[in-house]
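> what shape does this take:
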Amino acid sequence: MKELTVEWIHVQDKELVIDEIMDRYGQEILQLAYSYVNSVAIAEDLTQDIFIKCYKNLHRYSGKAKFRTWLWRIAINHCKDFLRSWYNKNTVSTTDYFSSCINEKENTEQAVIQQEEDCELMSAVMKLPTKYKEVIYLFYYEELLIKDIALITEVGTNTVKTRLRRAKALLKEMLEE
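Below you'll find the predicted structure:
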C-alpha cells in the first residue's frame with residue numbers, strides 16, 4: 001500500500017483525505033485502542049475521537065515521519081490520556097472481552113484447546129503494564145520493526161528491546177502460575 005504523502009494530503013479535499021485515512025487505518029487504530037482499554041465499545045469511541053483529532057490536525061502533518069507513524073502517535077497519546085482521565089478512573093468498568101471466547105462452541109477438541117490458550121495469552125497480555133503491553137502489541141500483532149516502535153512510542157530502540165524482553169519474562173511468569 002502506497003504511503004500517503006504530505007503533498008497529496010495538503011492538496012486534496014479534507015473529506016476525501018479523512019475517508020482514505022479511515023479506510024486504510026481504521027481497523028488497526030481500533031485494535032490499538034482496544035489493546036489499551038480492553039473494551040470494544042470504548043475502543044470504538046476512542047477510534048472516532050482519534051480520527052476527529054486527525055481531521056482537525058491534518059494541516060499540521062509535516063511529512064517528517066511516515067503518515068502512519070504520525071497517526072499512531074495521535075492514537076497512542078489519546079489512549080493514554082483516556083487511561084489517565086477522571087472518567088476512566090471513576091466511571092468506566094472495563095470488562096474482560098475475552099471471557100466471550102469461553103462461551104463460543106467449537107466442534108473439535110483441538111480448536112477448543114487452542115482457543116483457551118489464545119484467550120489465556122491475550123488475557124495475560126492485557127494485564128501487563130501499558131509500557132509493556134504497547135510494545136508487545138506493536139511488535140507481535142502489528143508486526144512493526146523495533147525502530148518504528150521506537151518512533152511511535154517516542155523511546156529509544158534499546159528501550160523498546162528491553163521492554164520486549166521484560167514483557168516476555170512477565171508473560172512467562174503469568175502463564176506458568
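> can we go C-alpha only for contacts and neighbour counts from here?
Will do.
> out of the helices and strands in this protein, which is least certain?
helix 99-103 (a mean of 44; mean pLDDT, DSSP states H and E).
> what's the first helix or strand after that one?
Per DSSP states H and E, the first helix or strand lying C-terminal to helix 99-103 is helix 109-127.
> which strands and helices lie in contact with that following helix?
helix 99-103, helix 130-136, helix 157-176 (3 or more C-alpha pairs under 8 Å, 6 or more residues apart in numbering; DSSP states H and E).
> identify the residues contacting the last one?
In other words, helix 157-176. Outside of helix 157-176, the residues within contact range by C-alpha atoms under 8 Å, 6 or more residues apart in numbering are 120-121, 124-125, 128, 131-133, 135-136, 146-147, 149-150.
> could you dump the strand or helix carrying Phe82 to PDB, C-alpha only?
Assigned by DSSP H and E, Phe82 falls within helix 67-84. C-alpha atoms of helix 67-84 as PDB (Å, rounded to 0.1, in the frame of the first residue of the first chain):
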ATOM      1  CA  PHE A  67       1.900   9.400   8.000                       C
ATOM      2  CA  ARG A  68       1.100   6.100   9.700                       C
ATOM      3  CA  THR A  69       3.600   6.900  12.400                       C
ATOM      4  CA  TRP A  70       2.100  10.400  12.900                       C
ATOM      5  CA  LEU A  71      -1.400   8.900  13.100                       C
ATOM      6  CA  TRP A  72      -0.300   6.200  15.600                       C
ATOM      7  CA  ARG A  73       1.300   8.800  17.800                       C
ATOM      8  CA  ILE A  74      -2.000  10.700  17.900                       C
ATOM      9  CA  ALA A  75      -3.800   7.400  18.700                       C
ATOM     10  CA  ILE A  76      -1.400   6.300  21.500                       C
ATOM     11  CA  ASN A  77      -1.400   9.700  23.100                       C
ATOM     12  CA  HIS A  78      -5.200   9.800  23.000                       C
ATOM     13  CA  CYS A  79      -5.500   6.300  24.600                       C
ATOM     14  CA  LYS A  80      -3.000   7.200  27.300                       C
ATOM     15  CA  ASP A  81      -4.900  10.500  28.000                       C
ATOM     16  CA  PHE A  82      -8.100   8.400  28.300                       C
ATOM     17  CA  LEU A  83      -6.500   6.000  30.700                       C
ATOM     18  CA  ARG A  84      -5.400   8.900  32.900                       C
END
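> mind listing what's buried along that helix?
For helix 67-84, burial by neighbour count (16 or more other C-alpha atoms under 10 Å) applies to Phe67, Thr69, Trp70, Leu71, Trp72, Arg73, Ile74, Ala75, Ile76, His78, Cys79, Phe82.
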